[in-house]
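Q: quick one: sequence plus predicted model below, questions after.
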Amino acid sequence: SPAGDSWGIFTFLCAALCHLPALPALNCSEELGAGQSIQKTYDLTRYLEHQLRTLAGTYLNYLGPPFNEPDFNPPRLARAERVPSATVDLDLWRGLTDNARLAANYRAYSRLLCYLRALDGQAATAELRHRLGHFCSSLQGLVLSIAGVMSSLGYPLPVGPSVPPGSQGVVVVAPNDFLKKMDDFWLLKELQTWLWRSAKDFNRLKKKVPPAVVTLRLEARGF
């Protein structure tokens with residue numbers, strides 16, 4: 001009968017399945033590759049740009065006039081050369097390899113972080129110290145994130161000190177209050193330019209490197 005034939009077919013299929021060898025299982029997993037690492041670093045750079053606008057306004061008001069005046073644009077003094085400058089010809093910068101730009105960013109933010117921590121220790125108000133401390137933590141995250149991007153792309157971290165030669169990480173104090181304020185002004189100005197350029201760097205880099213790839217791995221079972 002039709003019912004008997006259906007039951008027979010079902011019984012046959014069950015028996016056949018029971019005697020099949022264990023098959024490897026496909027495990028679909030998303031690996032965190034260079035693309036995601038670059039996207040994370042880009043997002044962090046943009047966040048720091050936004051964070052710095054608020055911090056710089058607060059800190060320049062703390063310094064007082066003329067540093068908090070919108071049109072204040074003093075010449076860069078020789079003392080300010082200790083702070084890594086982002087003032088580089090754009091065509092020259094873009095002509096560098098990805099590895100060279102990443103290494104320059106890594107070195108620069110490592111040094112800038114050293115100077116910012118010195119500001120944190122000298123700030124007179126609790127609110128300003130809190131803002132500086134939070135920003136330093138975020139900037140430390142950016143340094144680590146850039147290191148992660150370099151590692152994911154197979155680039156070695158820069159060798160040698162990230163602090164100015166002879167400083168051993170100690171920021172030299174200015175001889176008077178005005179020069180000290182000028183140092184602080186240039187530090188914030190250069191940091192703003194570095195973040196602006198880094199955001200562009202990582203935006204271009206993420207277009208060159210594909211996002212995270214979904215990979216299929218075989219996991220043998222029953223062997």
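A: The structure has been received and is ready for your questions.

Q: ranges for the helices of the chain?
A: For the chain, the helices defined by DSSP state H occupy 2-18, 34-63, 90-94, 98-122, 126-152, 177-208.

Q: avg pLDDT for the fourth one?
A: Confidence over helix 98-122, taken as the mean pLDDT, stands at 91.

Q: for residue 76, find the nearest of the helices of the chain.
A: Of all those, helix 177-208 sits nearest to residue 76, with 6.2 Å by Cβ to Cβ. Heads up, the C-betas are built off the backbone N, CA and C, glycines and all.

Q: show me what the closest one is packed up against.
A: helix 34-63, helix 98-122 (3 or more Cβ pairs under 8 Å, 6 or more residues apart in numbering; DSSP states H and E).

Q: got the angle for that helix vs helix 98-122?
A: Calculated by axes from the mean of the first three to the mean of the last three Cα atoms, to 10 degrees, helix 177-208 forms an angle of 150 degrees with helix 98-122.

Q: isn't residue 113 right up against residue 144?
A: No: counting by Cβ atoms under 8 Å, residue 113 does not reach residue 144; the two are 10.8 Å apart.

Q: higher neighbour count, these two?
A: residue 113 (20 against 13; other Cβ atoms under 10 Å).

Q: quick one: contacts for that one?
A: By Cβ atoms under 8 Å, 6 or more residues apart in numbering, the contact set of residue 113 is 136, 139-140, 143.

Q: equivalent analysis for residue 157, please.
A: Shown in contact with residue 157 (Cβ under 8 Å, 6+ apart): 103, 106, 147, 150-151.

Q: now, of the residues you listed, which are buried?
A: When the contacts of residue 157 are checked for burial by 16 or more other Cβ atoms under 10 Å, the buried set is 103, 106, 147, 150.

Q: and those, which two are furthest apart?
A: Considering Cβ to Cβ, no two members of these lie farther apart than 103 and 147, which are separated by 10.4 Å.

Q: look up how far residue 200 lies from the nearest residue to residue 196 once chain neighbours are set aside.
A: The shortest distance from residue 196 to any non-neighbouring residue, by Cβ to Cβ, 6 or more residues apart in numbering, is to residue 49 (6.7 Å). Noted for residue 49: a distance of 11 Å to residue 200, by Cβ to Cβ, to the nearest Å.

Q: again with residue 189
A: With Cβ to Cβ as the criterion, residue 189 and residue 200 are 18 Å apart.

Q: which one of those two has more residues nearby?
A: With neighbours defined as other Cβ under 10 Å, residue 189 and residue 200 compare such that residue 189 has more, 20 against 14.

Q: highest neighbour count among the contacts of residue 113?
A: Across the contacts of residue 113, the neighbour count under other Cβ under 10 Å reaches its highest value at residue 139, namely 22 neighbours.

Q: please produce JSON lines containing the helices and strands packed on helix 177-208, extended by distance to residue 75.
A: What follows is these, written out as JSON lines (distance: least, Cβ to Cβ, whole Å):
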{"stretch": "helix 34-63", "distance to residue 75": "17"}
{"stretch": "helix 98-122", "distance to residue 75": "20"}
